[in-house]
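Colleague: only geometry, no sequence info:
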């Protein structure tokens, strides 16, 4: 590897981790905005989304530049392609976090629904998953990445429970419908964030082991519509 | 040792070549001397023979001549002496028989005898068949040739002498060479040994090993250099030790700091990270060292701050609020550049956790606001009712009575708040002699249960009391502890739904005396659970005051528990209810009185 390429790769690593940091923060703030009914955090998330989009473009451009300029092979090529995909996944998580934040703002304006919803547990898993997935990327730790994959099942389970509870609540009274729809939407966004994080974890496994494990996992439990 | 051989070889070669040249010269000179001596001897001895043979030749006395050459020949070692007549006839010879000898007139030496270039010359003798040096001189008397005197010496003898000279020179040369080699070896050693010693010394210093002692380098030509090296080594060692000591001191100071300290080089790779920084950034010292800072923390504000500081070369500050948990974490970051001369060589980031401080500040601020607010509400009411009573002198008795009753209620409420504030202040005062009284927690619990009976009846809530069979000995202030239990019960009865069951229990759990108050109220959200113990903190802001609470009850409970060396805990789930606990240490020395936790409980 030439020196200039090494420098470019270091810069790329720095950028993708910065991207990861911003998305991690957005996710944390959005989930806290949801569970603690904090509008200030939610607005912060929505404002920060532009910065995330900018860096996504930056990282994409940098990847293409390295591909064109240095024509990397083997491990480096795998790294660049993994970063391209992870970049895309992170940007999507940023968007989803924005959606969660928007729902959080709407919800904070209304009386809370008293239901045994498990948003705290759900957001805790999502935050932990994202943190571990990015740690796995930093440390090229395929084991940690696989552990991230394993945790997605609980999120799907919680989402299904939420779906059932909120459905019941909507049937019970028309007053609940608005809040319930928002809560259901937030739950679905979180579930999707979880899916995106598993994509990142899969990319990390590909990056470290050179093996594609996408679509090879036992199929996830059926999703509620 | 190649150095030794180099010096030795060069010196020995010089000695050997000098010896070779001088040896060759000596052999030449000595051989010439031998030849000259032979020449002189032959001339003088032949002249002697000529002198001695003159009378015999003059007389023609052959027998006398024969006698002469025999006598002279015997005294002149191997020399062969011959007397030849002028016509070439051999008259006498010291080694050969004259009768067998032919005429010698044509012999080279006889022919050369009267020539000016007459000199000894070598020729093979026809008589004795041996290579001999011959020399002849004419014997003359008054210009008349009487005959010739001839002398011969074996060439072998002369050669032998030459060889002896050669051998002597060679022997002397060999001895000289030996001595020269010895001298060369000594010289080589005296040059190399100090150098080798210094090399080993410097090598040892370079590796950080203790240097070997210098024996030879400190003497002789290199002594100055050796002394300089030794003193330099010692000074370097002292300086290094001082630096290491300083560094250890700095590391110890940095390591024990409450503030997190993180140092990076220009490429933002971590060079130092103290335990506080590792804790704040949730990493470990070992993992962080040498890795870029953006791999350690992904909080963009932190990496941006450091990057800006390194780029501009000027300090940068930031107060960072990380949302999470029951309280936002507040970090104060200060990044300073490390400059080496004109350029920035790295940066130091100091992280200060202000969460606790900010929380204390907000608690204190809230307290003042809350006290003022809590007192202002009843004061406004009181003032209003009094104004209304005063303004209207024709107020009917019934309304006046109602106003005064409301004014009294407001006053009572203020008294309650002030009483609670005093109780809180008392519980907060660390030293209080009354807290040493031996008490049985069962009695206090039963007392509280009795106090709450009226309110429970009013709310229609069944109030259950569970007490253990044996005593629960604790030390404490009876009034304070009863107030604490009262407050918990009051809370449970007021906040629970009307008719909701409340359970009060005292029990022994994990070596502690525990008061348990369990309700089936609305429960407290997890994020608020820690804050309910704060003064004037209300989970449900609007409802609590209607229920008549001062907002100080739980703060008093917690402070009483802490003042008694105990603690409080809370389990609560929204929709299920809450369980408040006061944990108190058992009275020391009273442990044997305590019934085990398994003892059957007496239900009151």
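Modeller: It's in. Please read all numbers here as calculations on a predicted model, not as lab measurements.
Colleague: can you give me the pLDDT of the residue in chain A positioned nearest to chain B?
Modeller: Taking CB to the nearest CB, chain B has its nearest neighbour within chain A at residue A:21, 3.2 Å off. Just so you know, the C-beta spots here come from the backbone N, C-alpha and C atoms, and that holds for glycine as well. If you check residue A:21, the pLDDT there is 88.
Colleague: which residue packs closest to the residue of the stretch 201-350 of chain B at minimum distance from chain A, ignoring adjacent ones?
Modeller: Chain A sits closest to residue B:298 of the stretch 201-350 of chain B, with a gap of 3.2 Å, by CB to the nearest CB. With sequence-adjacent residues excluded and distances taken as CB to CB, 6 or more residues apart in numbering or on different chains, residue B:298 is closest to residue A:21, at 3.2 Å.
Colleague: what's the host helix or strand of the one you found packed up against?
Modeller: For residue A:21, the host element (DSSP states H and E) is helix A:3-36. Judged by 3 or more CB pairs under 8 Å, 6 or more residues apart in numbering or on different chains; DSSP states H and E, helix A:3-36 is in contact with helix A:39-70, helix A:74-109, helix A:119-139, helix A:177-209, helix B:293-296, helix B:300-312.
Colleague: mind doing that once more with 10 Å?
Modeller: With contacts taken as 3 or more CB pairs under 10 Å, 6 or more residues apart in numbering or on different chains; DSSP states H and E, helix A:3-36 sits against helix A:39-70, helix A:74-109, helix A:119-139, helix A:177-209, helix B:293-296, helix B:300-312, strand B:316-322, helix B:526-529.
Colleague: these: which one's closest to residue B:218?
Modeller: helix B:300-312 (50.8 Å; CB to CB).
Colleague: the closest one near chain A anywhere?
Modeller: Yes: counting by CB under 10 Å from any CB of the partner chain, chain A is contacted by helix B:300-312 at B:300, B:301, B:302, B:303, B:304, B:307.
Colleague: enumerate the residues of the stretch 501-604 of chain B near chain A.
Modeller: B:522, B:523, B:525, B:526, B:527, B:528, B:573, B:574, B:575, B:576.
Colleague: lowest pLDDT pick from these?
Modeller: Among these, residue B:527 has the lowest pLDDT, at 75.
Colleague: what about it, distance to residue A:35?
Modeller: Residue B:527 sits 7 Å away from residue A:35, going by CB to CB, to the nearest Å.
Colleague: so what sits against both of these two?
Modeller: Shared contacts of residue B:527 and residue A:35 (CB atoms under 10 Å, 6 or more residues apart in numbering or on different chains): residue A:120.
Colleague: doesn't residue B:446 make contact with residue B:468?
Modeller: No: counting by CB atoms under 10 Å, residue B:468 stays clear of residue B:446, with 12.0 Å between them.
Colleague: common neighbours of these two, please.
Modeller: Common neighbours of residue B:468 and residue B:446 (CB under 10 Å, 6+ apart) are residue B:506.
Colleague: compare those two (neighbour count), which wins?
Modeller: residue B:468 (22 against 17; other CB atoms under 10 Å in any protein chain shown).
Colleague: distance of the more buried one relative to residue B:411?
Modeller: Taken as CB to CB, the span from residue B:468 to residue B:411 is 42 Å.
Colleague: cool, residue A:14 as well?
Modeller: Residue A:14 is 67 Å from residue B:411, by CB to CB.
Colleague: who's more crowded, those two?
Modeller: residue A:14 (18 against 14).
Colleague: check contacts around the more buried one.
Modeller: A:62, B:268, B:292, B:293, B:294, B:295, B:303, B:307.
Colleague: dead centre of chain B: give me the residue that sits there.
Modeller: residue B:244 (8.4 Å; CA atoms, centre = their mean).
Colleague: quickly find the element holding it.
Modeller: Residue B:244 belongs to helix B:223-255, assigned by DSSP H and E.
Colleague: tell me the average confidence for that helix?
Modeller: Per-residue scores along helix B:223-255 average to 89.
Colleague: just checking: what are the partner strands of whichever helix or strand comes after that helix?
Modeller: Counting by DSSP H and E, the element after helix B:223-255 in chain order, helix or strand, is strand B:260-265. Take DSSP bridges as the rule and strand B:260-265 pairs in its sheet with strand B:270-273 (antiparallel), strand B:343-353 (antiparallel).
Colleague: wait, doesn't residue B:68 sit right on residue B:82?
Modeller: No: using CB under 10 Å as the test, residue B:68 is too far from residue B:82 to be in contact (11.3 Å).
Colleague: between these two, which one's more packed in?
Modeller: Shown here are residue B:68 and residue B:82; by other CB under 10 Å, residue B:82 has more neighbours (30 against 20).
Colleague: who's in contact with the closest residue to residue B:227 other than its chain neighbours?
Modeller: Leaving aside its chain neighbours, residue B:227 sits nearest to residue B:218 (6.7 Å; criterion: CB to CB, 6+ apart). By CB under 10 Å, 6+ apart, residue B:218 lies in contact with B:194, B:197, B:224, B:226, B:227, B:230.
Colleague: between which two of these is the distance greatest?
Modeller: Among the contacts of residue B:218, B:197 and B:224 lie farthest apart (CB to CB), at 14.5 Å.
Colleague: who's more crowded, these two?
Modeller: Taking neighbours as other CB under 10 Å, residue B:197 and residue B:224 compare with residue B:197 leading, 20 against 10.
Colleague: backbone phi and psi for the more buried one, please?
Modeller: phi -60, psi -50 (degrees, to the nearest 10).
Colleague: so how far is chain A from it?
Modeller: 44 Å (CB to the nearest CB, to the nearest Å).
Colleague: that residue and residue B:225 touch, don't they?
Modeller: No: here residue B:197 lies out of contact with residue B:225, judged by CB under 10 Å, at a distance of 11.2 Å.
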